[in-house]
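**Q** Turn this into a model:
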Amino acid sequence: MTIYNALSIWNGFLLPLVLTQSPNRRTVPLALWTFQGQFGVNVPAIAASVTLTTIPIVVLYAIGRRQLLSGLTAGFGR
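**A** This next block holds a predicted model:
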């Protein structure tokens, strides 16, 4: 449940868009949104940013993979 909740907060777009006023307090999806212009999209910058923002999630999964899998399969086979 914690992972699902963290991902939903991490991927939030509309609420932070409405509530944040300064560019210094933007969330990751809002920061990625700024790479889109009126007539074009900076695809290399977006690809690099998405790669860099997925690193913390991959690292957390690698660290807690055993606990996650044991928790998911705890109810089976008993």
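**Q** could you give the mean pLDDT of stretch 8-21?
**A** Mean pLDDT, stretch 8-21: 78.
**Q** ends of that stretch, how far apart?
**A** Stretch 8-21 has its terminal residues 21 Å apart, counting by C-alpha to C-alpha, to the nearest Å.
**Q** low-confidence ranges in the chain?
**A** Across the chain, the ranges flagged by pLDDT under 70 are 10-11, 77-78.
**Q** Which strands or helices does the longest helix anywhere in it pack on?
**A** Secondary structure of the chain read by DSSP state H shows that its longest helix is helix 43-72. On a contact count with 3 or more C-beta pairs under 8 Å, 6 or more residues apart in numbering; DSSP states H and E, helix 43-72 meets helix 2-10, helix 28-33. Glycine gets a C-beta too; all of them are placed from N, C-alpha and C.
**Q** if you set the cut-off to 7 Å instead, what comes out?
**A** Applying 3 or more C-beta pairs under 7 Å, 6 or more residues apart in numbering; DSSP states H and E, one finds that helix 43-72 contacts helix 28-33.
**Q** neighbouring contacts of the helix it packs on?
**A** Helix 28-33 is touched from outside by 10, 11, 12, 13, 16, 17, 20, 46, 49, 50, 53, with contacts defined as C-beta atoms under 7 Å, 6 or more residues apart in numbering.
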